[in-house]
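>>> sequence and predicted model, in that order:
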Number of protein chains: 2
Amino acid sequence: MTDHQTLKSRPLTDVRMAIRQGGYQSHTAGLGAGYLQCNLAILPQAFALDFMRYCQRNPKPCPLVGVSDTGNPMMFTLGHDIDIRTDVPAYNVYRHGALVDTVTDIRGLWTDDMVAFALGCSFTFEHALQKAGIPVWHIDNDTTVPMFRSDIDTVPAGPFRGKMVVSMRSVDAGQVTAAAATSRRFPLAHGAPVHSGDPAAIGIADVMCPDWGDPAPVASGQRPVFWACGVTPQVAIEAAAVPLCITHRPGHMLITDIPEDAEVPVLSS
Amino acid sequence: MTDHQTLKSRPLTDVRMAIRQGGYQSHTAGLGAGYLQCNLAILPQAFALDFMRYCQRNPKPCPLVGVSDTGNPMMFTLGHDIDIRTDVPAYNVYRHGALVDTVTDIRGLWTDDMVAFALGCSFTFEHALQKAGIPVWHIDNDTTVPMFRSDIDTVPAGPFRGKMVVSMRSVDAGQVTAAAATSRRFPLAHGAPVHSGDPAAIGIADVMCPDWGDPAPVASGQRPVFWACGVTPQVAIEAAAVPLCITHRPGHMLITDIPEDAEVPVLSS
């Protein structure tokens, strides 16, 4: 079993092979530096059109960066050799909306009827914030970003609907505008914040009590800034009670061959 | 019948009502200033998932900005009251890939099985080029932009495939970089150019002989700059020989309620 520290200095192909062969089953933060990482949702084809509409209508929480052919596990627009059944360190398996299992390989679950969706994630804009000199507390302190169920409605599509989940990062008051402008440049990684300031304005009663992840402080002189979060589609999928759905395990992302600063998330041939 | 000059000074709601009531059946350039205009493709649901995948995989020629519910003609994410059956000035009707009719109302063709797709168009980045002081010859000379079938392959999805169609605008050599940076800011309107310079490098034999539209000069000191073009999906739809497909008539676009500079093409409720 390879550890995170070792893999961090290795090229992307080594990282992918370690994951594929089951030799690495932990989180992917900091791995494959410079390449786009993705949230994952795998659904039966009968739900695929509505789910794709849901993503199109809610591009900030659900920025669609890749869709497989039905039944083909190779994500050929995102990489030269990405097999979605083995190339994610850990998967969550949902049946009728309930989490029933966490596994490291889904070859036994994949069928000819499956469609895999890759969605952009916050790693991309967090790297950009750091490069712009805006510290990201949960990264510096090795915790999970705090996430909240807001009262912002998403736009429904078929059975997919629900409130938007948001993640919170504290930003010095003087850097809020820069943080918004920086993240807006990444529409495939949640884009600009959906709110900054009073948490109650978007239905969050206590900013120190996240619904997912770990609490993070809002220091004096800082403002809480809220971005649309990739847990939103997971909530919509639970609401839809899809018979079988497979997602990545949070933090255990799909690492693609697409550079983080690519104009479009499609492999140039 | 209202004329273009009269409608140009009228608010968007007046423009939409004139189109809906059949009182305006001409092109939409310059109408509803500041609002996003769209290419249109309406297909049977059986083709919708593959067509949506085709757009996702080819975001520069096919930037998806809106998708209807199956059978619901109201494009509720793009406007408060947009009926896709009546609110486009003119439609082309294709059967098995062949153009069979041009009409101004499709209420008689719309069925419970139809899905409407709105795709971003070049008007948005052309306005941005003009604001940046980069002249756009075909607008200044009231002609149609020259379009070419390039030798660039699109990424296929199901039956949808084909070469990318590109549009050409001549830009002063010193402004090519600025033109690219300006248009890149509009990923929902074809984004950055796909090529500039030698037309032969992308399979264009004679830049003065476009496959669609009117020829436009490349003056001394200028370079031809090529952008992905919204005719590309039309070519893919023809190749797929979809039994029934309805598009806008070129130049006769859907005008939405979405501001051209909106971060996402979804109506805020």
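Sure thing, it's come through. This structure is a prediction, so every number in the text was calculated from the model and none was measured.
>>> can you give me the end-to-end span of stretch A:22-40?
Using C-alpha to C-alpha, to the nearest Å, one end of stretch A:22-40 lies 18 Å from the other.
>>> over to stretch A:12-26?
End residues of stretch A:12-26 are separated by 15 Å (C-alpha to C-alpha).
>>> do stretch A:3-18 as well
10 Å.
>>> what about it, distance to the chain center?
20 Å (C-alpha atoms, centre = their mean, to the nearest Å).
>>> residues in contact with that stretch?
A:2, A:24, A:26-27, A:30-33, A:35, A:81-82, A:87, A:255, A:257 (C-beta atoms under 8 Å, 6 or more residues apart in numbering or on different chains). To be clear about C-beta, it is placed using only N, CA and C from the backbone, and glycine gets the same treatment.
>>> buried subset of those as a ChimeraX selection?
Those of those that count as buried under 16 or more other C-beta atoms under 10 Å in any protein chain shown are selected in ChimeraX with:
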select /A:2,24,26,27,31,32,35,82,87,255,257
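>>> in CSV: the contacts of stretch A:3-18, plus pLDDT and secondary structure.
As requested, the contacts of stretch A:3-18 are exported to CSV (pLDDT from 0 to 100; DSSP: H, G, I helix; E, B strand; the rest coil):
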residue, pLDDT, secondary structure
A:T2, 83, coil
A:Y24, 92, coil
A:S26, 89, coil
A:H27, 87, coil
A:G30, 84, coil
A:L31, 88, coil
A:G32, 86, coil
A:A33, 83, coil
A:Y35, 93, strand
A:D81, 95, coil
A:I82, 97, coil
A:D87, 97, coil
A:I255, 96, strand
A:D257, 96, strand
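>>> name the nearest of the contacts of stretch A:3-18 relative to A:V264.
A:D257 (13.3 Å; C-beta to C-beta).
>>> not counting residues beside it along the chain, what's closest to the closest one?
Nearest residue to A:D257, sequence neighbours excluded (C-beta to C-beta, 6 or more residues apart in numbering or on different chains): A:G79, at 3.8 Å.
>>> which intervals of the stretch 51-200 of chain A have sub-threshold pLDDT?
Counting by pLDDT under 70, the stretch 51-200 of chain A contains no low-confidence residues.
>>> what residues does it have near chain B?
Residues of the stretch 51-200 of chain A lying close to chain B by C-beta under 8 Å from any C-beta of the partner chain are A:52-53, A:56-60, A:64, A:66-67, A:69-70, A:77, A:115, A:153, A:155, A:157-158, A:184, A:187, A:191-192.
>>> chain A: helices as residue ranges?
A:4-8, A:12-20, A:45-57, A:123-131, A:137-140, A:176-184, A:232-240 (DSSP state H).
>>> then the shortest one to PDB, C-alphas only?
Taking only C-alpha atoms (Å, rounded to 0.1, in the frame of the first residue of the first chain), the coordinates of helix A:137-140 have been written out as PDB:
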ATOM      1  CA  TRP A 137      -7.900  27.500   6.400                       C
ATOM      2  CA  HIS A 138      -9.100  23.900   6.100                       C
ATOM      3  CA  ILE A 139      -6.100  23.000   3.700                       C
ATOM      4  CA  ASP A 140      -3.600  24.700   6.000                       C
END
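>>> which positions within that helix qualify as buried?
A:137-139.
>>> likewise for the second one?
Residues of helix A:12-20 classed as buried by neighbour count (16+ other C-beta under 10 Å): A:12, A:14-16, A:18-20.
>>> how close does the closest residue to A:T111 other than its chain neighbours sit to chain B?
Among residues not flanking A:T111 along the chain, A:G71 sits closest, at 7.2 Å (C-beta to C-beta, 6+ apart). Taking C-beta to the nearest C-beta, to the nearest Å as the criterion, A:G71 is separated from chain B by 12 Å.
>>> report how many residues lie close to A:G71.
Using other C-beta atoms under 10 Å in any protein chain shown, A:G71 has 12 neighbouring residues.
>>> same question for A:G108.
By the criterion of other C-beta under 10 Å, A:G108 has 8 neighbours.
>>> rewinding a little: give the contact list for the residue nearest to A:T111.
With C-beta under 8 Å, 6+ apart, A:G71 has these contacts: A:111-114.
>>> what distance do you get for it to B:S183?
A:G71 sits 37 Å away from B:S183, going by C-beta to C-beta, to the nearest Å.
>>> repeat for A:G197
For A:G197, the distance to B:S183 equals 34 Å [C-beta to C-beta].
>>> look at these two and report which has more neighbours.
More crowded of A:G197 and B:S183, by other C-beta under 10 Å: B:S183, with 25 against 14.
>>> list the contacts of A:V171.
Counting by C-beta under 8 Å, 6+ apart, A:V171 touches A:134, A:179, A:196, A:222-223, A:225.
>>> actually, A:A173.
A:A173 makes contact with A:221-223, according to C-beta under 8 Å, 6+ apart.
>>> also A:F123?
Counting by C-beta under 8 Å, 6+ apart, A:F123 makes contact with A:29, A:37, A:189, A:253.
>>> which stretches of chain A form strands?
For chain A, the strands defined by DSSP state E cover A:35-44, A:64-67, A:91-95, A:98-103, A:114-120, A:147-153, A:163-172, A:195-196, A:222-228, A:245-248, A:254-259.
>>> selecting buried members of the residues of the stretch 51-200 of chain A next to chain B in PyMOL, what would you type?
Entered in PyMOL, the line below selects the buried ones among these, by 16+ other C-beta under 10 Å:
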select buried, chain A and resi 52+53+56+57+58+59+60+64+66+67+69+70+77+115+155+157+187+191+192
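>>> what's the pLDDT at A:S269?
A:S269 carries a pLDDT value of 58.
>>> wait, doesn't A:G66 sit right on A:T256?
Yes - in this structure, A:G66 is within contact of A:T256 by C-beta atoms under 8 Å, at 7.4 Å.
>>> which neighbours do these two have in common?
Between them, A:G66 and A:T256 share these contacting residues under C-beta under 8 Å, 6+ apart: A:38, A:75, A:78, A:118, A:265.
>>> now for these: which two are most distant?
For the shared contacts of A:G66 and A:T256, the farthest-apart pair by C-beta to C-beta is A:M75 and A:P265; their separation is 10.6 Å.
>>> distance between the ends of stretch A:211-223?
19 Å.
>>> check stretch A:136-144 too.
Stretch A:136-144 end-to-end distance (C-alpha to C-alpha) = 11 Å.
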